[in-house]
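# just the structure for this:
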Amino acid sequence: MEGNAPVAQLSLPNFILDFVPGFGGTNDDVVRSRQRSTLILIAAFWVFTFTVMSVRASVLETLPFDVLGPRRLLTSAFGTLLCLIMVRLLGHLRTSSFPRWIAWGMIGAFAMAVSLTAFRMTMNRILMPLPGTSSHVLPEFVQWALIYFGYCLAWTGTHLALTYHWQVEDERQRAAALIELAQEAQIAALVRTLQTEPTVLLLDEPTAALDPASARAIEALLQHWFAQAPERHAWVWITHDPAQAARIGQQHWRVEAGHLQTEPSR
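Purely as a prediction, here's the structure:
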């Protein structure tokens, strides 16, 4: 017995995924996929940051990697926690206008930079003091705050851009679903009307909200209704489409400059 091969999927505990906002989505699979994408983005960002910071340390600092490495790992872990908190907070602020959302993202990036700098200074000066540390705290604090602000701003901008893309995609899908529902409701209303066996129909642009294929189907349905009893059936069909008027009508009236024209057009 043959079956489909299993699809490889990133497996993460649900409590970790549930901490990340769902970011909309049309179903649970989409929500979970976006939560995983957010976590992958955070992990990739801090792997990149750890690599850059390690290369910088090996070039500019004389301390060995076994001294600086654990500090980089701890800083990356703390930064990951800050990113998760930021994602959570920005998720609650998605109802704000997009410019205000960007402003909150920049404020959040600055807060992350200050927190990371304070964490680094506390670790390197109090918890695990480095040899030869300068006594000038403020210049070092400002320097690292600016460095981390650049990192955090880059990550926050990427996250906001990705979330905005998801929002636009959701809105497009919702709009398509609403149009489909409107089309179905319009067709169902016309079918119910025909079931009452009317003799005359007043049709005010009955295909205006339909796609071309559905519009042709409605035209065929109404033409079939007319052909069943042409001596008893009639319609007044209002349309702005000259091609449709030529398809469905034998006698054409026009409204020009507020006046009804019953003469054939030349």
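# and for the chain, the residue most distant from the center?
Glu231 (55.0 Å; Cα atoms, centre = their mean).
# hang on, that residue in a helix?
No: Glu231 sits outside any helix when classified using DSSP: H, G, I helix; E, B strand; the rest coil, being coil.
# which element is Leu260 on?
For Leu260, the host element (DSSP states H and E) is strand 259-261.
# re the thing from before, any idea how far the residue farthest from the centre of the chain lies from Gly150?
Glu231 sits 81 Å away from Gly150, going by Cβ to Cβ, to the nearest Å. In this view, the C-beta of every residue, glycine as well, is placed from N, C-alpha and C.
# who are the packing partners of the helix or strand hosting Leu153?
Element membership for Leu153, per DSSP H and E: helix 137-195. Counting contacts by 3 or more Cβ pairs under 8 Å, 6 or more residues apart in numbering; DSSP states H and E, helix 137-195 packs against helix 28-60, helix 65-92, helix 98-122, helix 212-228.
# quick check: buried residues in the shortest one?
Using 16 or more other Cβ atoms under 10 Å as the burial criterion, the residues of helix 212-228 that qualify are 214-215, 218-219, 222, 225.
# got it, and the second one?
By neighbour count on 16+ other Cβ under 10 Å, the buried set for helix 65-92 is 68, 71-72, 75-76, 78-80, 82-84, 86-87, 90.
# still on that earlier bit, dump the helices and strands packed on helix 137-195 to JSON lines, plus distance to Leu203 and mean pLDDT.
Formatted as JSON lines, those follow (distance: least, Cβ to Cβ, whole Å; pLDDT from 0 to 100):
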{"stretch": "helix 28-60", "distance to Leu203": "39", "mean pLDDT": "80"}
{"stretch": "helix 65-92", "distance to Leu203": "47", "mean pLDDT": "81"}
{"stretch": "helix 98-122", "distance to Leu203": "42", "mean pLDDT": "88"}
{"stretch": "helix 212-228", "distance to Leu203": "7", "mean pLDDT": "86"}
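# who wins for proximity to Ile238 among those?
When the helices and strands packed on helix 137-195 are ranked by proximity to Ile238, the top entry is helix 212-228, at 13.2 Å, counting by Cβ to Cβ.
# what's that closest one in contact with?
183, 187, 190-191, 194, 201, 203, 206-207, 210, 233-235, 244, 247-248 (Cβ atoms under 8 Å, 6 or more residues apart in numbering).
# from the residues you listed, which two are the most distant?
Gln183 and Ala234 (25.8 Å).
# point out where the stretch 101-250 of the chain drops to low pLDDT.
130-136 (pLDDT under 70).
# rerun at 80
Along the stretch 101-250 of the chain, the model assigns pLDDT under 80 to residues 124-137, 178-179, 182, 209.
# ok, back up a step: just the buried residues of helix 65-92 now: which is nearest Ser115?
Among these, and counting by Cβ to Cβ, the member closest to Ser115 is Leu82, at 5.9 Å.
# right, and that closest one touches Leu116 too?
Yes: with contacts defined as Cβ atoms under 8 Å, Leu82 counts as touching Leu116 at a distance of 6.9 Å.
# which neighbours do those two share?
Joint contacts of Leu82 and Leu116 (Cβ under 8 Å, 6+ apart) are Cys152.
# from Ala220, how far off is the residue farthest from the centre of the chain?
21 Å.
# and Asp211, by the same measure?
15 Å.
# what's near enough to touch Tyr164?
Contacts of Tyr164 (Cβ under 8 Å, 6+ apart): Phe98.
# try 10 Å
Applying Cβ atoms under 10 Å, 6 or more residues apart in numbering to Tyr164 gives the contacts 94, 98, 101-102.
# enumerate every residue touching Val142.
Thr117.
# same question, the one 3 residues further on
Ala145 makes contacts with 110, 113-118, 120-121, as judged by Cβ under 10 Å, 6+ apart.
# apart from its chain neighbours, what residue comes closest to Leu74?
Leaving aside its sequence neighbours, Leu74 sits nearest to Met123 (Cβ to Cβ, 6 or more residues apart in numbering; 6.5 Å).
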